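Got a sequence here, can you build the structure:
(2 chains)
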Amino acid sequence: MLKIQKFELSKRVTLTCAATDKFKTGVLSVNLITQLSREDAAKNALLPKVLRRGTSTLPDMRSLSEAFDDLYGARIVPLVRKKGELQCIGFYSDFIDDDYVPGDEKVLERVTALLGEMLLSPATSGGQLLGEYTDSEKRNLIDEIRAEINNKRAYAQAALWRNMCADEAFGVNKLGDEKTASAITAHSLTAQYKKLIDTAKVEVFYIGSAAPERVRDAVSSALSTLPKTKADDVAGTEIRINPTSPEVRRFTEKLDVTQGKLSLGFRMGETMRAPDYAALAVFNAAFGNSVTSKLFLNVREKLSLCYYASSAIEKHKGVMIVSSGVEFANFERAYDEILKNLDAIRAGDVSDWEFLSAKRAVTTFLLAQLDDPQGLEEACFDQLIAGIPYTPDEYATLAEAVSREKIIEIANSVKLDSAYFMEGK
Amino acid sequence: MKSKSYELIREQVYSDRLDNGLPVYVIKKPGYYKSYAFFATNYGGADRRFKFGGEWIDTPEGVAHFLEHKMFDTEDGNALEELSANGAQPNAYTSTDVTGYYFESTDKFCENLEILLSFVSVPYFTKESVEKEQGIIGQEIRMTEDEPGYTLYYDFLKLLFRHNPARHSVAGTVESIAEITDETLYACHKIFYNPSNMALIVAGDVDPEKIVEIAKKILPTERGEIPQRDYGEAETSEPVAARGEKAMEVSEPMFVFGASAPCPVKGAERLKFGLTATLAAQIIGGKSSPLFFKLYDEGLVKNDFSAEFEATAGISFTAFDGQSKEPEKVFASVTDEIRRIVTEGLDDALFARIKKALFGRQLRMLNSEDAWDGFVRAHLQGYDTFLTAETLLTITVEDVLAFIREHMKPENFAMMTVTPKNAVNA
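Down below sits the predicted model:
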């Protein structure tokens, strides 16, 4: 079993350590937990990018890069994650494990100190974040928001949430939108920075071979200047049980593409009143998130209707998306077939083979996370946000025990809310 | 079985060559939940013309990839489903020079390995299933045609190379795959999927002897002829054209530019050549090069800018790619930097730093399946990626300078750009 140790470093800061000597690199991530909102999303997304440009002692990218190179190519990358209606920002870092460093050099403490400095002691001028860095990263952020269109598959997914959840925080892009991004100044960004440093809950994760106490000391020291006051509460995620309107809403967009995309958005329904996450995962695998799923075998393979057709559940918000790539002429047929396959599960049409295959897909996925440092960090973080108190191996045991009745119950709880069609011009 | 220790990276590799010619590698990973198997044939999208049984054979674009799709069909059903139902996560890919089938599983590994080896070595196609697959792959081809990154890559290769088949999409075109029949597939399977032309690697907390035993039990025992490939006339270092451009639905121009390098030799030299080239690209435009900081400060490039070296199917090239409002300015800056380095030489401290960073980067890559795939793919080309860290330490400033001088001549650079079709965002 994975050994997890938690430390409350202050009222603000929690450190979660997963001890393992399987990897050649260690992972350290620092996350500030904030409420996702239309007004602040772009500012929050911009912050780690600006902080990553320079610190008080390493004020530009050149000096920072030299420091990273000297730490055997350690990486510190800005993090922006959307979990339900929370926007989590900070840094993800990975670096060569001390056991693999030639000679006696120690990398962990130096990377941790650098991470702390990046968060708490940025390059400033007159108490403000630098205008030059703010402007340049702002341009990059806007380009990144615009570049969503470059990947049609991801775009069709984002477009569904944007339309379906237009009046909910979940409809906000994790990077914010171009309009609010354009309005950011060094002054407004500094104010947001101070607010977050003073009030946001901070979650730190470490995965690697170092003794947890050693990590605790390094992190405590690196974050020692962070105010120790209690964090502001965040409202969390509003879960809507029912679709927005009784009729399924349809959204269409015309782009210059040769292949169509269809995204269907569902509310998970009553099942979200007391979510059984392991069962949701097994349902998802049986419906559309594995190669033994109904969508893969029937809609893609048997009917050759879509090049891809798969489902994904966002468990924090209690919504599900089915995304598919379809010829324009087949839109309506694909739409009907996807729903027909959901109806089949509702009616109890889940064979032993399908049911067992779905469970195995889930357990394999969960256990394999324990062999991948980045996957493990993501899993630990996700479970902390969802308030799931178990490690991936314990979670896998729960998935094994899910009943078929529960899967059918979930299928009956799911309701279609919206459909998004990407058409050609 | 032979066993080899790699001290610097703390890996232990067991290996054996079966009587049928198949090399088998096992990487011991104590404490891992999952085990991983990768079974590859030295056959990819570029292997379209070859000599077998004394005869030259021409095949349409996209056969290797088509075959990969169809191999999962078995007489009893579908191996993808069989493996998945057994808790494995299977998949496959076809690149320019290799087709690989793989899975990972946390349970019943040996049983799954038997399924993998069996379905890859026993073909089963029908006229109907091939026709149906033409529809599925046709959709896949059309989907990739909407992806600018894909277009950029292949059109760039067409600027650099005149003859090499790697210039064409691995998946082929809707027209070329229409020429593929069940007979084409059976013939190519027979030629390329014989164990002498393949390799197997397993990584996990497994017993190496047991892996060899399974491979011996499932696979054919006889050796096969290794086909001779024809990648076309030798390429020259001058590009076909200096520029190419295409308008697509993108938010801002995407570009890739670079120059071709010679066809890499086999063995240890190949590893050193590739690392020297990577260092050269990194020193010129990598994330901690002086030029990158300058371009980033000027807003000409972003964090997605990359400077890499690639070698495949008898060609190799350096490539600088990213997004920029002014690709020509980026192009000019990189080629100017090359001229400056050729005149002024390289800074020793910069060289040492970039080498140290590359050392860490190589080590990080060893955490993932990519490292295990890469190990096999390199062995098919006659070199050992687990010696990367050691080899890196032997490369000198002079080696890198020589590479830049000989293989990164600004006059041999070509650039492909994908520009926004609609000026909506301008």
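
domain assignment for chain B?
B:2-229, B:243-423 (automatic domain parsing).

what residue lies at the spatial centre of the chain?
Using chain A. Taking C-alpha atoms, centre = their mean as the criterion, A:R81 is the residue nearest the geometric centre of chain A, at 4.5 Å.

nope, chain B please
With distances taken as C-alpha atoms, centre = their mean, B:S95 lies nearest the centre of chain B, 5.8 Å away.

Give me the pLDDT for that residue.
B:S95 is assigned a predicted lDDT (pLDDT) of 95.

For it, give its distance to A:L189.
43 Å (C-beta to C-beta, to the nearest Å). Every residue, glycine included, has its C-beta placed from N, CA and C.

go on, A:S37?
From A:S37 to A:L189 the distance is 16 Å (C-beta to C-beta).

So for the two, which sits in the more crowded spot?
The residue with more neighbours, out of A:S37 and A:L189, is A:L189; 24 against 16, by other C-beta atoms under 10 Å in any protein chain shown.

The nearest residue to the residue nearest to the centre of chain B once chain neighbours are set aside: what's it in contact with?
Sequence neighbours aside, B:G44 is the residue nearest to B:S95 in space, at 5.2 Å (criterion: C-beta to C-beta, 6 or more residues apart in numbering or on different chains). For B:G44, the contact set (C-beta atoms under 8 Å, 6 or more residues apart in numbering or on different chains) comprises B:64, B:94-99, B:170, B:312-313.

What backbone torsions are found at B:G44?
When quoted as degrees, to the nearest 10, the phi and psi of B:G44 stand at phi -140, psi -170.

For stretch A:175-182, buried residues please.
A:175-176, A:178, A:180-181 (16 or more other C-beta atoms under 10 Å in any protein chain shown).

right, and out of the residues you listed, which lies closest to B:F351?
The shortest approach to B:F351 among these belongs to A:L175, at 36.9 Å (C-beta to C-beta).

Could you give the number of residues near the closest residue to that closest one other than its chain neighbours?
Using C-beta to C-beta, 6+ apart and skipping residues adjacent in sequence, the residue nearest A:L175 is A:A45, 4.6 Å away. A:A45 is flanked by 24 other residues according to other C-beta under 10 Å.

my guess is A:A45 meets A:G90, correct?
No. Contact criterion C-beta atoms under 8 Å: A:A45 and A:G90 do not qualify, at 11.4 Å.

any idea how far A:Y92 is from chain B?
Per C-beta to the nearest C-beta, to the nearest Å, A:Y92 is found 13 Å from chain B.

List the residues that contact that residue.
Applying C-beta under 8 Å, 6+ apart, the residues contacting A:Y92 are A:27, A:29, A:75-77, A:79, A:377.

is it fair to say it lies in a strand?
Yes. Per DSSP: H, G, I helix; E, B strand; the rest coil, A:Y92 lies within a strand segment.

can you pull out the strands in the stretch 51-200 of chain B?
B:55-58, B:73-74, B:77-78, B:89-94, B:99-105, B:198-204 (DSSP state E, counting those that start in this stretch).

and if you look at chain A?
Counting by DSSP state E, chain A has these strands, from start to end: A:3-8, A:13-19, A:25-35, A:75-83, A:86-96, A:124-125, A:128-129, A:201-208, A:249-255, A:260-267, A:306-314, A:319-326, A:415-424.

what does the stretch 251-400 of chain A have sitting close to chain B?
With the criterion set to C-beta under 8 Å from any C-beta of the partner chain, the stretch 251-400 of chain A comes near chain B through A:255-259, A:290-292, A:297, A:300-301, A:304, A:306-307, A:325, A:327, A:353, A:356-357, A:360-361, A:363-365, A:367-368, A:370-373, A:393.

Kindly report the same for the stretch 101-250 of chain A.
A:102, A:136, A:139-140, A:143-144, A:146-152.

what sits up against the helix or strand that contains B:I404?
Taking DSSP states H and E as the definition, one finds B:I404 inside helix B:397-407. With contact meaning C-beta under 8 Å, 6+ apart, helix B:397-407 is reached by B:237, B:259-262, B:272, B:276-277, B:279-280, B:283-284, B:318, B:338, B:341-342, B:345-346, B:348, B:351.

report the longest strand in chain B, please.
Under DSSP E, chain B gives strand B:315-323 as its longest strand.

So is that strand next to chain A?
Yes. Contact of strand B:315-323 with chain A (C-beta under 8 Å from any C-beta) involves B:Q323.

In its sheet, which strands sit next to that strand, and in what direction?
Strand B:315-323 pairs in its sheet with strand B:254-258 (antiparallel), strand B:260-261 (antiparallel), strand B:306-312 (antiparallel), by DSSP bridges.

Any of the contacts of helix B:397-407 buried? List them.
B:259-261, B:272, B:276-277, B:279-280, B:283-284, B:318, B:338, B:341, B:346, B:351.

Identify the farthest-apart pair in the residues you listed.
B:S260 and B:F351 (24.3 Å).

still on that earlier bit, could you point out the helix or strand that follows the helix holding B:I404?
Helix B:397-407 is succeeded, C-terminally, by strand B:414-420 (DSSP H and E).

what's the angle from that following strand to strand B:254-258?
180 degrees (axes from the mean of the first three to the mean of the last three C-alpha atoms, to 10 degrees).

Pull up the pairing partners for strand B:414-420, direction included.
Strand pairing for strand B:414-420, using DSSP bridges, gives strand B:243-248 (parallel), strand B:254-258 (antiparallel).

I'd guessed B:A178 sits against B:G135; true?
No. With contact defined as C-beta under 8 Å, B:A178 and B:G135 do not form a contacting pair (10.7 Å).

hmm, back to that, and the contacts of B:G44, which are buried?
Buried among the contacts of B:G44 by 16+ other C-beta under 10 Å: B:64, B:94-99, B:170, B:312-313.

Residues contacting stretch B:276-292, please?
Here stretch B:276-292 makes contact (C-beta under 8 Å, 6+ apart) with A:62, A:65-66, A:68-69, B:261, B:301, B:303, B:305, B:307-309, B:316, B:318-320, B:333-334, B:337-338, B:341, B:346, B:350-351, B:353-355, B:357-358, B:395, B:399-400, B:403-404, B:407-408.

swap that for stretch A:5-16, sorry
By C-beta under 8 Å, 6+ apart, stretch A:5-16 touches A:4, A:17, A:19, A:200-206, A:212, A:215-216, A:219-220, A:223, A:226-231, A:380, A:384.

what's the span of it from first residue to last?
6 Å (C-alpha to C-alpha, to the nearest Å).

list the buried ones in it?
A:7, A:9-10, A:12-16.

And for stretch A:289-299?
Within stretch A:289-299, judged by 16+ other C-beta under 10 Å, the buried ones are A:289-299.

repeat for stretch B:126-143
B:130, B:132-134, B:136-143.

do the same with stretch A:246-260
Applying 16+ other C-beta under 10 Å to stretch A:246-260 flags A:248-249, A:251, A:255, A:257, A:259-260 as buried.

quick one: terminal-to-terminal distance for it?
One end of stretch A:246-260 sits 26 Å from the other (C-alpha to C-alpha).

what do you get for stretch B:234-253?
Using C-alpha to C-alpha, the two ends of stretch B:234-253 sit 32 Å apart.

And for stretch B:27-45?
End-to-end for stretch B:27-45, by C-alpha to C-alpha: 28 Å.

One more: stretch A:22-41?
Separation of the first and last residues of stretch A:22-41 by C-alpha to C-alpha is 37 Å.

What separation is there between the residue nearest to the centre of chain A and A:T16?
Taken as C-beta to C-beta, the span from A:R81 to A:T16 is 15 Å.
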